[in-house]
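Asker: Compute the structure for the input listed below.
(2 chains)
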There are 2 protein chains.
Amino acid sequence: MKKIEFDDKLNKPSLAFQPLYKQVEEHVKQLIIERRWNPGEALPNEFQLAEELGVSQGTVRKALNGLTAAKILTRQQGVGTFVSEHNTQQSLYRFFPLIADGKHPELPAATLVSLAIEKVSPIVLKQLGLSEKDKVIHLVRQRLLDSQVCIHESIFLPYKYFESLMNETELPHTLYHYYQQSFNLTVQKTQDSIKAVLADAETARFLDIAEGDPLLEVQRVTQTIDDKIIEYRVSKCLSDKYHYFVELS
Amino acid sequence: MKKIEFDDKLNKPSLAFQPLYKQVEEHVKQLIIERRWNPGEALPNEFQLAEELGVSQGTVRKALNGLTAAKILTRQQGVGTFVSEHNTQQSLYRFFPLIADGKHPELPAATLVSLAIEKVSPIVLKQLGLSEKDKVIHLVRQRLLDSQVCIHESIFLPYKYFESLMNETELPHTLYHYYQQSFNLTVQKTQDSIKAVLADAETARFLDIAEGDPLLEVQRVTQTIDDKIIEYRVSKCLSDKYHYFVELS
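Answerer: Numbers count the residues shown, from 1 in each chain, chains lettered A, B, ... in the order given. As a prediction, this is how the structure comes out:
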């Protein structure tokens, strides 16, 4: 990284220049994407990073603050700064908003129903940013809270990112952690569009409810820290004894 | 504010001590709650605040960063730091997640249907943290996107915070801004619990749909920056041409 002659404390950023700490933030993010450090691994301390990058320690701190706020890094007071791993309770819950009424959040178990390369609808291709010649993996799972089936999950993955997934005979319950560990794809952001729908015959059988019962349909598009769309998923959720929880602030 | 003898950069916070910037953050928040500055008004600059509070400018900056991240303050590059007002597009959208399919977010109009002090169910009292002897204002509104009724809104307010609201003959469309301006109650956080339900006869008539059509039911508890629960609301939303949008990161 080139040492730069201005600092954002002295100059207002113009269109042409990015504040130095932002450039450092981007650079460190790139190093994480390129797996210089593995998920869960500690970064060098601020002093070492500052020296290596030829910037001040304050600039490094500001850059790491940004990556911590974006949850790409995790800080442990008095221990160090780590590449966030999708296996802590907190990081797993963060993307799983269905909660049993009156209960604490819990991670649902998953049972794989089917896994195949499939011809998918134009809508799915569009959501994944793919064209008709791209192959798509389709995964169907049921998810269970407290041994009760509560979600029918239909997951679409671009084959180009997940080729070796087709060789698996079993998949872990928590896919985001698996994407990170096995494919170096770290989930950064999900966008959910939620509708109320009536259960069709097939979904009703699957969830052991009556046809025409109300369900939450959650369409989710998932992006990685390097802005790849890696997953489109349609979840049909029971909400008689469950609710989708959102905190806005 | 007392000048304190340690700084968090030198000492690890223990159970007994809070980092200095956190104390400053709390103090400035308290000043905002007490209306030393009005919504939309600029704070003194960091130098002046540092002098007044007897702390370093760096500590003030850190405290203001925290309040900006919590959206209590808004920063305008090169202009100053302001008490956030609930009237900018951004702050209004932040709490309104229903979007017409394929459209950009838009603020819905509101029509007042009824306004009265009412005896409410134990569930409503519990959500508002009130007891049976507390009075509750009940507000019913219809909300419209693009002139189409899309939400039946049932809003419950503790009478103790909103006494003078009963004298109003008309209410503004955007209530959170009105709460802030007229009652010094600034919304900081909402918690939504979302379920899919079937429309009952009354709601169906109200929304001009068929009985048994699927609806999103959003139960919302709203808190202010000083942690008061000021509103419980139940919204029944059409989702045939609309969706509730959530971004998790």
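
Asker: Spatially nearest residue to A:H173 (excluding sequence neighbours)?
Answerer: In space, and not counting its chain neighbours, A:H173 is closest to A:A110: 4.4 Å by C-beta to C-beta, 6 or more residues apart in numbering or on different chains. C-beta coordinates here come from the backbone N, C-alpha and C atoms, glycine included.

Asker: The one you found in helix, strand or coil?
Answerer: Classification of A:A110 by DSSP: H, G, I helix; E, B strand; the rest coil places it in strand.

Asker: Just want the angle from the helix or strand encompassing A:R220 to strand B:214-224.
Answerer: Here A:R220, judged by DSSP states H and E, is contained in strand A:214-224. On the basis of axes from the mean of the first three to the mean of the last three C-alpha atoms, to 10 degrees, strand A:214-224 is oriented at 60 degrees to strand B:214-224.

Asker: List the strands paired with strand A:214-224, with their directions.
Answerer: strand A:187-198 (antiparallel), strand A:229-237 (antiparallel) (DSSP bridges).

Asker: in terms of contact, does A:A100 touch A:K241 like I think?
Answerer: Yes - contact between A:A100 and A:K241 holds when scored by C-beta atoms under 8 Å: they sit 6.1 Å apart.

Asker: which element follows the lowest-mean-pLDDT helix or strand in chain A toward the C-terminus?
Answerer: Lowest by mean pLDDT, DSSP states H and E among the helices and strands of chain A is helix A:89-93, with a mean of 67. Per DSSP H and E, the first helix or strand lying C-terminal to helix A:89-93 is strand A:98-100.

Asker: what does that following strand rub up against?
Answerer: A:105-106, A:108, A:145-146, A:150-151, A:237, A:241-245 (C-beta atoms under 8 Å, 6 or more residues apart in numbering or on different chains).

Asker: ok, now stretch A:118-134?
Answerer: By C-beta under 8 Å, 6+ apart, the list of residues contacting stretch A:118-134 reads A:V136, A:I137, A:H138, A:F156, A:P158, A:Y159, A:K160, A:Q219, A:V221, A:I229, A:E231, A:Y232.

Asker: What residues of it count as buried?
Answerer: For stretch A:118-134, a neighbour-count test (16 or more other C-beta atoms under 10 Å in any protein chain shown) marks A:V120, A:V124, A:L125, A:Q127, A:L128, A:L130 as buried.

Asker: Kindly check the end-to-end length of it for me.
Answerer: By C-alpha to C-alpha, to the nearest Å, the extent of stretch A:118-134 from end to end equals 10 Å.

Asker: now that stretch, how far from the chain's geometric center?
Answerer: Distance of stretch A:118-134 from the chain centroid (C-alpha atoms, centre = their mean, to the nearest Å) equals 20 Å.

Asker: ok so, going back, next, give me the two most distant ones among the buried residues of stretch A:118-134.
Answerer: Farthest pair in the buried residues of stretch A:118-134 (C-beta to C-beta) is A:V120 and A:Q127. Separation: 9.6 Å.

Asker: Most neighbours out of the contacts of stretch A:118-134, which is it?
Answerer: Most neighbours among the contacts of stretch A:118-134, by other C-beta atoms under 10 Å in any protein chain shown: A:E231, with 26 neighbours.

Asker: Now for that residue: which residues touch it?
Answerer: A:L128, A:I155, A:F156, A:L157, A:Y179, A:R220, A:V221, A:T222.

Asker: secondary structure element for A:R205?
Answerer: helix A:201-207.

Asker: For the residue most central in space within chain A, give me its contacts.
Answerer: The centroid of chain A falls nearest to A:V187 when counting by C-alpha atoms, centre = their mean (2.6 Å). Going by C-beta under 8 Å, 6+ apart, A:V187 touches A:H86, A:F95, A:Y176, A:Y179, A:Q180, A:T222, A:Q223, A:T224, A:I230.

Asker: Let's see that with 10 Å instead.
Answerer: A:71, A:86, A:91, A:94-95, A:175-177, A:179-180, A:222-225, A:230-231, B:248-249 (C-beta atoms under 10 Å, 6 or more residues apart in numbering or on different chains).

Asker: Tell me the bridge partners for it.
Answerer: With DSSP bridges as the rule, A:V187 is bridged to A:T224.

Asker: Can you check the pLDDT for it?
Answerer: For A:V187, the pLDDT comes out at 92.

Asker: low-confidence ranges in chain A?
Answerer: A:1-17, A:88-92 (pLDDT under 70).

Asker: Which parts of it are helices?
Answerer: Here chain A has its helices, by DSSP state H, at A:20-33, A:46-53, A:57-69, A:89-93, A:122-128, A:159-162, A:175-183, A:201-207.

Asker: hmm, the longest one in reach of chain B?
Answerer: Just to be clear, that refers to helix A:20-33. No - judged by C-beta under 10 Å from any C-beta of the partner chain, helix A:20-33 makes no contact with chain B; its nearest approach is 13.1 Å.

Asker: Could you tell me which other helices and strands that helix packs against?
Answerer: Applying 3 or more C-beta pairs under 10 Å, 6 or more residues apart in numbering or on different chains; DSSP states H and E, one finds that helix A:20-33 makes contact with helix A:46-53, helix A:57-69, strand A:73-76.

Asker: what's the angle from the second one to helix A:46-53?
Answerer: So the one you mean is helix A:57-69. With the same axes, to 10 degrees applied, the angle from helix A:57-69 to helix A:46-53 works out at 110 degrees.

Asker: between helix A:57-69 and helix A:20-33, how big is the angle?
Answerer: 60 degrees.

Asker: What are the buried residues along helix A:57-69?
Answerer: Neighbour-count burial for helix A:57-69 [16+ other C-beta under 10 Å]: A:T59, A:V60, A:R61, A:K62, A:A63, A:L64, A:G66, A:L67.

Asker: Which two of the residues you listed have the greatest separation?
Answerer: The most distant members of these, if one measures by C-beta to C-beta, are A:T59 and A:L67, lying 13.0 Å apart.

Asker: Could you tell me which residues touch both of these two?
Answerer: With C-beta under 10 Å, 6+ apart as the test, A:T59 and A:L67 both reach A:V24, A:E25.

Asker: follow-up on the earlier one: which strands or helices does the helix holding A:R205 pack on?
Answerer: Helix A:201-207 packs on strand A:136-145, strand A:148-158, strand A:214-224, strand A:229-237, going by 3+ C-beta pairs under 10 Å, 6+ apart.

Asker: let's see it at 7 Å
Answerer: strand A:148-158 (3 or more C-beta pairs under 7 Å, 6 or more residues apart in numbering or on different chains; DSSP states H and E).

Asker: is the strand it packs on up against chain B anywhere?
Answerer: No - judged by C-beta under 7 Å from any C-beta of the partner chain, strand A:148-158 makes no contact with chain B; its nearest approach is 12.6 Å.

Asker: tell me which strands and helices that strand is in contact with?
Answerer: helix A:122-128, strand A:136-145, helix A:201-207, strand A:229-237.

Asker: Out of these, the one nearest A:P214 is which?
Answerer: Closest of the helices and strands packed on strand A:148-158 to A:P214 is strand A:229-237, at 10.4 Å (criterion: C-beta to C-beta).

Asker: I'd assumed A:R143 was in contact with the residue nearest to A:H173.
Answerer: Yes - using C-beta atoms under 7 Å, A:A110 makes contact with A:R143 at a distance of 5.2 Å.

Asker: Identify the residues contacting the closest residue to A:C150 other than its chain neighbours.
Answerer: Of all residues beyond its chain neighbours, the one nearest A:C150 is A:L238 (4.7 Å), with distances taken as C-beta to C-beta, 6+ apart. Neighbouring residues of A:L238 by C-beta atoms under 7 Å, 6 or more residues apart in numbering or on different chains: A:C150, A:L207, A:I209, A:L215.
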